[in-house]
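Colleague: predicted model and sequence follow; I will ask about them next.
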Amino acid sequence: MRLISNSETIQDRYGLDPVKQLLFTNIRLDSRKMVTPFLVETDSGPFLMARQQELGNLLSAGVRLADLKLYEPWVTIDKRITAGIDVLPKFADVVADLAGDGPVEFDDGIPLVHLHALAGRVEVTIPPAAQQKVRVYQIENAGVLAQFRALREAGVAVARTLAGDIKHLAGLDAEFDAETDTRFTGLDALAGRLEVAGFILASPPNFSEVAGYPGDEESFALWRRDSDAVLIIAPAEATNTPGAPLGVFDSAAHAVAHFLHGAPVGVEEQWISARFGLELQGIGLQTVNASIPLGHWRDIRDQEDLSFQFIAARASVTCIEEALEYAQVQISSGNPLTENDVYRKYLEAIQSFRDRHQIPFCIEPYFTNLHSSTRMLFPGPPTDFPLDFDTKCIQLDAGVKVTAGGVVLATSDMARSLLLTPEGKEAYDLLTQVVREDIVGALRPGAVCSDVHAQTMVALTAIRPQLEALGMLAEGVDFVSEYKKRNVGHLMGKQESFANELRPGYDNVLHVGSLGAAEIPWRFGDYAIGTEDMWYIGADKTFVITLR
């Protein structure tokens, strides 16, 4: 049995780009390699192994249900959506079920986290590969800090112009900051807690945070506690790597060992390959899983990039609402319309927003969840599915990236829905009220993420009778138990946070400067309602920064 991660191979087999055509592979910038589907070759034939949350997108792309092996059950209050569809709890359960007593071969792209998950359950083999020489470069920390400080100065000016005299945002401009930067001191504190001498930073958000330029699939940064410079380890033949050259080594693992002198190192187990993890261990380095702690390191510094996050938030609310207003007019006029037409309008609105406000940064799509509830209740990117008088609900849950030179400075995540029936509109208003009054209303310094989730369940239970009367919930459905498996929001920085969520078991304490999104996705019956706003905890109050 073989597990294959190569996207081109998967596309050739199933006609599906496993990154571009799916949703969560775009959202999870620091863990894309963990959530991307794999091709599984077995004696009984090939299968595509994927998380159940992508099922709607896989079927929409033409993949047959019989070709799928699903894991990580998708959380839904309407069990009819997934009735009769086989799904196992975890990645390792699917692999163990298919492998039986036999070994499993990994290709070079399977991440280390999956090797850890299979420990003690399945024998894993990784074919030998020739060592690849690497060249090491050095970038001074001071230069990285100066680069981001200059960007932030420009960002603060733009953000203050955007905030203008919007009444409910009064006072926010005082929170925009270009001077504070704790990226390296924060890494030092984290390294102390994890008892490591440094971190291998390979995923795009983490690499660019310490290097100041976008990474690639073959290079990574090495940050060390005892150094004033970041090391960039790249293929020896690469000619576009910044920094002062320090030397050539037989392999990436040998380079890391040389500069860390055998000390433990934190690694992004959700990104680096299992092969690389084993190579590091093979030359005597202890590796410590750090994907989630590094996500937390980014999240808790949100205030430092508030100006960029505010730009992203204002672009999102403007462009999402303009796209849905366009859809409303087209449907009401009886004009032909598809999900992709609405998406094109959304993209045009992004360009218009940037032009109108003369923004000197790029604003790019981060992810787009846009679909009619008539097509499916699963979240997913738009298709050519038609929208017309029979459409009851269109959900547009999307985010943008604010970038400079390819470096992501901030992202956004918010949702609006177009409801086209009286009962749908009433339910949407009820759920939006919960988001703004009960979730955001509970966000203040000292609030605990898990407590906010519990309070939200109380608020939703209070409107249950109305939701049932509107046909948005059936008697006997235990939606609280289901909702305990997912969040009602999360922190937000260089990507949607999977380290700090408003969810049971997540005990991060919010503070002045915390920023995130509050959301209620409500998919039931004929409706796929999404309502979500971004918030920021300021010194004197909590702002809803996606309220026009």
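Modeller: Structure received. Numbering: from 1, shown residues only.

Colleague: every contact and neighbour count from this point should use C-alpha atoms.
Modeller: Fine.

Colleague: now do the helices in the stretch 251-400 of the chain.
Modeller: Along the stretch 251-400 of the chain, the stretches classed as helices by DSSP state H, counting those that start in this stretch are 252-260, 274-282, 291-299, 306-332, 339-357.

Colleague: can I get those in TSV including mean pLDDT, distance to residue 51 and mean neighbour count?
Modeller: Formatted as TSV, those follow (pLDDT from 0 to 100; distance: least, CA to CA, whole Å; neighbours: other CA atoms under 10 Å):
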stretch	mean pLDDT	distance to residue 51	mean neighbour count
helix 252-260	97	31	19
helix 274-282	96	20	18
helix 291-299	97	19	21
helix 306-332	98	27	22
helix 339-357	98	24	17
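
Colleague: so for residue 32, which of the ones you listed sits nearest?
Modeller: Among the helices of the stretch 251-400 of the chain, the nearest to residue 32 by CA to CA is helix 291-299 (11.8 Å).

Colleague: how about the helices of the stretch 251-400 of the chain, which one is nearest residue 377?
Modeller: Proximity to residue 377 (CA to CA) singles out helix 339-357 among the helices of the stretch 251-400 of the chain, at 14.2 Å.

Colleague: now the angle from that closest one to helix 306-332?
Modeller: Counting by axes from the mean of the first three to the mean of the last three CA atoms, to 10 degrees, helix 339-357 points 130 degrees away from the direction of helix 306-332.

Colleague: what sits up against helix 339-357?
Modeller: 162, 315-316, 318-320, 322-324, 326-327, 363-365, 370-372, 382-387 (CA atoms under 8 Å, 6 or more residues apart in numbering).

Colleague: which stretches of the stretch 401-548 of the chain form helices?
Modeller: So, for the stretch 401-548 of the chain - with DSSP H, counting those that start in this stretch - the helices run 422-433, 449-462, 464-469, 479-483.

Colleague: which of the ones you listed has the lowest mean pLDDT?
Modeller: When those are compared by mean pLDDT, helix 479-483 comes last with a mean of 94.

Colleague: show me the contact partners of that helix.
Modeller: Contacts of helix 479-483 (CA under 8 Å, 6+ apart): 75-77, 457, 461.

Colleague: which non-adjacent residue is nearest residue 492?
Modeller: residue 516 (4.4 Å; CA to CA, 6 or more residues apart in numbering).

Colleague: residue 195 is in contact with residue 263, isn't it?
Modeller: No. In this structure, residue 195 is not within contact of residue 263 by CA atoms under 8 Å, at 9.5 Å.

Colleague: you'd agree residue 518 is up against residue 532?
Modeller: Yes. At 5.5 Å, residue 518 counts as touching residue 532 under the criterion of CA under 8 Å.

Colleague: shared neighbours, the two?
Modeller: residue 435.

Colleague: ok, the two, which is more surrounded?
Modeller: Using other CA atoms under 10 Å, the more surrounded residue of residue 518 and residue 532 is residue 518, with 28 against 24.

Colleague: give the contact list for that one.
Modeller: Per CA under 8 Å, 6+ apart, neighbours of residue 518: 435-436, 439-440, 488-490, 532-535.

Colleague: go again with 7 Å.
Modeller: With contact set as CA atoms under 7 Å, 6 or more residues apart in numbering, residue 518 has these partners: 435, 439-440, 488-490, 532-534.

Colleague: between the residues you listed, which is closest to residue 200?
Modeller: residue 490 (25.4 Å).

Colleague: measure that closest one to residue 299 for me?
Modeller: 10 Å (CA to CA, to the nearest Å).

Colleague: any shared contact partners between the two?
Modeller: With CA under 7 Å, 6+ apart, residue 490 and residue 299 have no common neighbours.

Colleague: got any ranges where the stretch 351-500 of the chain has weak pLDDT?
Modeller: Scanning the stretch 351-500 of the chain for pLDDT under 70 picks out nothing.

Colleague: quick revisit: for the residue nearest to residue 492, give the beta-bridge partners.
Modeller: Here residue 516 sits in beta bridges with residue 491, residue 535, as judged by DSSP bridges.

Colleague: what residues are up against it?
Modeller: By CA under 7 Å, 6+ apart, the neighbours of residue 516 are 490-492, 534-536.

Colleague: recalculate using a threshold of 6 Å.
Modeller: Going by CA atoms under 6 Å, 6 or more residues apart in numbering, residue 516 touches 490-492, 534-535.

Colleague: next, format these as TSV and append distance to residue 177 and neighbour count.
Modeller: Formatted as TSV, the contacts of residue 516 follow (distance: CA to CA, whole Å; neighbours: other CA atoms under 10 Å):
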residue	distance to residue 177	neighbour count
490	22	22
491	19	27
492	17	27
534	19	30
535	17	25
